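S.K.: Just a sequence and a predicted model for now, questions to come.
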Amino acid sequence: MTTLWGLHMPEDIGPDALEGGYVVVGWAELGDISALPNDREAIKRALVHAYPNRKPGAIPVEAGMILRYLHEVQIGDVVVYPSKHDRQVNIGRITGPVVHHPGPEDDADSYPNRRAVEWLGHFPRSEFSQSALYEIGAFITLFRIKNHATEFLAKIDPTVIVPDRVGEETEAPDDDSVAGTVSRQAEETTEDYVIRKIYTELSGYEFEHLVAHLLECMGYTARVSEKSGDGGVDVIAHTDELGFEPPIIKVQCKRKTDQTGEPEVSQLLGTLGEGECALFVNLGSYSKPARVLERNRPKLRLIDGEQFVKLMLENYDKLSARYRTMMPLKRIYVPDV
């Protein structure tokens, strides 16, 4: 039977881990954790020695994660990593044991303990049920996926059936960990909800009208181009009402939740004239070459799904009744930890 594990990695490490074919965990002060025995109490003692200021309630949780990472996760197991930087669910297979890759000696926050992974697929979050996304938003770094194992596994092998496992021992997390996770899950659930609503209820042309409307809520004057012959430009926006004064913003809108590459972005840049800027909007993410192009072109801005939802929330009260009815939201406060 195939075992599925959910894993969270820091967002500044995630892109390198995906490109390099590995997953990582921290505990840099422990050094090479591969030498730790399959003994929870021994791992607890090592943690207390390495981190004397850790909250007592955090030690059992961390010990359990290290025990799993070292001794329970097996070569051949499947790992599911939800990456926030591109809103993808990345699924791969563990191909090696824990290997220590030390960082700078003074970097106590590094993540040196890697396991090799063969990444088998990268899927937009919109392709999974909300309850499955909730399960992989667990409050701990490494956890076994039970309730929706088949949904994730079917993405890479539809013939495999994974039975649910019950009775696994779990550790109670400390209050700050729970609060932080609740806050993060609230944000991610809202992002998923808004993007799913837009993707399922609006056509590509209707999405262009939504983008134009949002720009108007932000203080621009905007108009949608004709359906055909727009040359890749879907919306024209400007700061003056008549549209004579620069800058003129040419906008391309893609109602897609997967990744947009550099060629599509370059096509939009090719439409620019003197005093014009380019804005590309999608519901997914952008490839690394596209982001590099953005950094090198001051008149180009790329808005991904997460950023688009943020702009929607910031201007929610200004949206027309049509869009607020389609995406009913209310303001809440969550712990900022």
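M.R.: On my side now, so go ahead.

S.K.: Which residue ranges make up each domain of the chain?
M.R.: Following automatic domain parsing, one finds the domains of the chain at 4-171, 198-326.

S.K.: Would you reformat those as CSV and include distance to Arg184 and mean pLDDT?
M.R.: Using the backbone N, CA and C atoms, a C-beta is placed for each residue, glycine as well. Shown next, in CSV, are the domains of the chain (distance: least, Cβ to Cβ, whole Å; pLDDT from 0 to 100):
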stretch, distance to Arg184, mean pLDDT
domain 4-171, 7, 85
domain 198-326, 13, 90
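
S.K.: would a markdown table of those with mean neighbour count be doable?
M.R.: Output for those, formatted as a markdown table (neighbours: other Cβ atoms under 10 Å):
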| stretch | mean neighbour count |
| --- | --- |
| domain 4-171 | 16 |
| domain 198-326 | 16 |
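
S.K.: closest one to Ile332 among the ones you listed?
M.R.: domain 198-326 (11.4 Å; Cβ to Cβ).

S.K.: I'd say Met218 and Asn315 touch.
M.R.: Yes - under the criterion of Cβ atoms under 8 Å, Met218 makes contact with Asn315 at 6.1 Å.

S.K.: and Val233, that's in a strand?
M.R.: No - according to DSSP: H, G, I helix; E, B strand; the rest coil, the state of Val233 is coil, so it is not within a strand.

S.K.: Against Arg223, how distant is it?
M.R.: Separation of Val233 from Arg223 (Cβ to Cβ, to the nearest Å): 11 Å.

S.K.: Leu313 too?
M.R.: 24 Å.

S.K.: can you check Glu187 too?
M.R.: In terms of Cβ to Cβ, Glu187 sits 33 Å off from Arg223.

S.K.: Gln259 too?
M.R.: Taken as Cβ to Cβ, the span from Gln259 to Arg223 is 28 Å.

S.K.: do Asn38 as well
M.R.: 65 Å.

S.K.: hang on, isn't Gly14 packed against Arg87?
M.R.: No - the pair Gly14 and Arg87 fails to qualify as a contact (Cβ under 8 Å) at a distance of 11.6 Å.

S.K.: so where do the helices sit in the stretch 201-337 of the chain?
M.R.: 204-217, 262-269, 288-296, 305-314, 321-326 (DSSP state H, counting those that start in this stretch).

S.K.: looking at those helices, which is closest to Ile136?
M.R.: Per Cβ to Cβ, nearest to Ile136 of these: helix 305-314, 16.8 Å.

S.K.: Run through the neighbouring helices and strands of that closest one.
M.R.: If contacts are counted by 3 or more Cβ pairs under 8 Å, 6 or more residues apart in numbering; DSSP states H and E, helix 305-314 sits against helix 175-201, strand 276-282.

S.K.: any idea of the angle it forms with strand 276-282?
M.R.: Angle between the axes of helix 305-314 and strand 276-282 is 100 degrees (criterion: axes from the mean of the first three to the mean of the last three Cα atoms, to 10 degrees).

S.K.: Contacts for helix 305-314, please.
M.R.: 84, 87, 190-191, 194-195, 214, 218, 257, 281-285, 303, 319, 327, 329 (Cβ atoms under 8 Å, 6 or more residues apart in numbering).

S.K.: Nearest spatial neighbour of Ala138, chain-adjacent residues omitted?
M.R.: With sequence-adjacent residues excluded and distances taken as Cβ to Cβ, 6 or more residues apart in numbering, Ala138 is closest to Gly6, at 6.0 Å.

S.K.: and the one you found, what are its phi and psi?
M.R.: phi -90, psi 140 (degrees, to the nearest 10).

S.K.: Name whatever forms a beta bridge with it.
M.R.: Counting by DSSP bridges, Gly6 is bridged to Val80, Phe143.

S.K.: I'd say it and Leu142 touch.
M.R.: Yes - shown here, Gly6 and Leu142 form a contact pair, counting by Cβ under 8 Å, at 7.2 Å.

S.K.: how close does the residue nearest the centre of the chain get to Gly305?
M.R.: Geometric centre of the chain, nearest residue: Lys84, 1.7 Å, by Cα atoms, centre = their mean. Distance, Lys84 to Gly305, by Cβ to Cβ: 11 Å.
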